[in-house]
Structure formats: C-alpha cells, structure tokens
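Enquirer: Curious how this folds, go ahead:
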Amino acid sequence: MDKILSSEIIRITELVENLAGRFWQEFSSDDSADPTFSRWSAADVLHHLTTWVAYSRERLTAILENASVRDIDDLEVFNRDAWERGRTIPRMDLLQRFADELGRYRDTVTRFTAADFDRTDLPTGFDWPLWKYILLDTAVHPGWHFVYHGITRGNFEFAVAALDTLAPAMLKFSGGDESVFDLSELADDPAGLAGACASFAAACPDNAQVQALVRKNQG
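Expert: You can find the predicted model right below:
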C-alpha cells in the first residue's frame with residue numbers, strides 16, 4: 001500500500017465521519033421509539049460502530065506494539081454487551097464519541113509503513129492484506145449500517161447518499177464483487193428488507209449501485 005492509498009483511507013474515515021453527522025440528524029426521531037436488540041435506533045447503530053472502530057484500533061495498536069491481540073470469542077455476546085452499554089450513554093455524547101474514535105483510528109493508521117499495508121501475515125484475524133482489514137472496519141461495516149437503516153426506515157435519499165459515498169471503497173474491498181452489498185446479516189426481518197428493497201429499486205431506477213444492492217437483498 002503506497003502513500004496514495006494510505007491517504008485514501010484517511011479520506012474515507014473523514015467521509016464516514018461527515019456521513020455519520022448527517023445520519024445523526026436524519027434519524028433523530030427514531031430514537032424516541034422503544035428500540036430492542038433486534039431493531040436498533042440510530043443511537044444504537046452509532047454506538048455499535050464506535051465500539052467496532054475502537055476494537056479495530058486496539059487490534060492495530062497491538063500489532064504495532066507487538067502485543068497480544070484480543071480476539072472476540074462470541075460475536076453476538078460482544079455486540080449485545082456493547083448495545084447494553086450504549087443504552088446508558090447520553091445521546092448528545094454519541095456522535096462526538098464516534099468522531100473522536102475515528103480521529104484516534106486515523107492517528108493509528110499513520111504509524112504503519114507503506115510495506116505494512118500489503119502484508120498478509122499480520123494478526124488481523126483474516127488472511128488479507130492489512131489495507132483490506134482497515135477498509136472493512138472504516139468503510140464496509142459503516143456502509144452496511146447506514147444504507148440498511150436508510151432503506152428500512154424509508155429514507156431513500158439518505159440511503160442513496162450513503163451508498164454513493166461509500167460504494168467505491170466497498171467495491172475496492174471486495175475487488176468489485178457486488179456481494180459486498182449483501183445486508184442480510186443485519187436484517188431482523190428478511191421479508192421486510194426484501195420489501196423495502198423493492199421500494200428502493202422503484203424509487204431509484206437509474207442508479208446502478210442501488211440496483212446492484214437490491215439484487216443482493218431482494219431474495
């Protein structure tokens with residue numbers, strides 16, 4: 001990974017931070033409902049993303065310092081514990097926490113050398129080059145949640161904005177494979193997601209990325 005791609009990762013985290021600000025404004029009202037672990041509010045989503053960015057940063061820091069890496073033994077337990085902790089954090093603090101964590105992530109990324117980013121032997125938990133692991137946590141994972149929330153809440157304008165912003169990085173991660181748009185792991189209601197995707201496709205018939213995402217999620 002050269003300096004251009006390294007700076008691209010910094011740029012992507014800045015795009016995600018800006019998108020998170022819009023997400024926070026667009027979906028403020030859905031936090032007045034009674035969310036559950038199977039149907040998250042915008043606050044739940046943002047805290048979840050903050051937790052994952054923090055975990056990824058801690059893993060990168062351990063790699064840099066040749067320290068032991070903390071693995072996640074049970075993904076659902078990890079996510080549920082984070083969700084429960086997030087319920088106790090004042091909503092007004094969550095967006096700043098996310099921005100702060102992204103800032104720490106950017107600082108950590110700059111500590112790697114250009115050669116490091118192409119290495120596949122680092123303990124990321126995957127046999128990928130480091131840059132791909134970083135893209136998963138800074139672009140692909142946020143992209144899934146932002147697009148999913150927009151589609152399932154009927155805010156197609158935001159969903160398109162999120163997809164247009166992050167699809168290039170998501171497709172870079174997947175090598176152009178459109179399976180990166182598969183949102184099924186997030187779906188608490190698969191039939192509901194399929195129906196929302198049908199409406200999304202009808203609302204954006206000329207958007208190629210929307211149509212690609214819908215193909216992956218309509219069932």
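Enquirer: dump the residue contacts of Arg215.
Expert: Each residue near Arg215 by Cβ atoms under 8 Å, 6 or more residues apart in numbering is listed here: Glu178. In short, each C-beta sits where N, CA and C put it, glycine included.
Enquirer: can you tell me how far the residue in the chain sticking out farthest from the centre sits from Leu122?
Expert: Within the chain, the residue lying farthest from the chain centre (Cα atoms, centre = their mean) is Asn66, at 26.6 Å. Using Cβ to Cβ, to the nearest Å, one gets 11 Å for the distance from Asn66 to Leu122.
Enquirer: Spatially central residue in the protein, please.
Expert: In the chain, the centroid-proximal residue (Cα atoms, centre = their mean) is Pro142; its distance is 1.5 Å.
Enquirer: ok so that one is a helix residue?
Expert: Yes - assessed by DSSP: H, G, I helix; E, B strand; the rest coil, Pro142 belongs to a helix.
Enquirer: which sections of this structure are below the confidence cut-off?
Expert: Within the chain, the stretches with pLDDT under 70 are 1-5, 29-35, 219.
Enquirer: swap the cut-off to 90 and go again
Expert: 1-9, 28-39, 69-75, 86-92, 114, 187-190, 218-219 (pLDDT under 90).
Enquirer: the helices in this protein, which residues?
Expert: Remark: helices assigned in the chain by DSSP state H are 3-26, 42-64, 75-86, 91-109, 130-135, 141-152, 156-174, 190-203, 208-217.
Enquirer: To Ala115, which of the ones you listed lies closest?
Expert: Nearest of those to Ala115, taken as Cβ to Cβ: helix 130-135 at 9.9 Å.
Enquirer: what does that closest one contact?
Expert: Helix 130-135 has contacts (Cβ under 8 Å, 6+ apart) with 1, 5, 9, 12, 56, 60, 109, 112, 116-120, 122, 124-126, 169-170, 172-173.
Enquirer: same thing with stretch 71-84?
Expert: 37, 40, 44, 47-48, 51, 55, 125.
Enquirer: and if you look at stretch 168-180?
Expert: Here stretch 168-180 makes contact (Cβ under 8 Å, 6+ apart) with 12, 132, 135-136, 138-140, 143, 181, 212-213, 215-216.
Enquirer: Ala20 contacts Arg97, correct?
Expert: No - using Cβ atoms under 8 Å, Ala20 makes no contact with Arg97, being 10.6 Å away.
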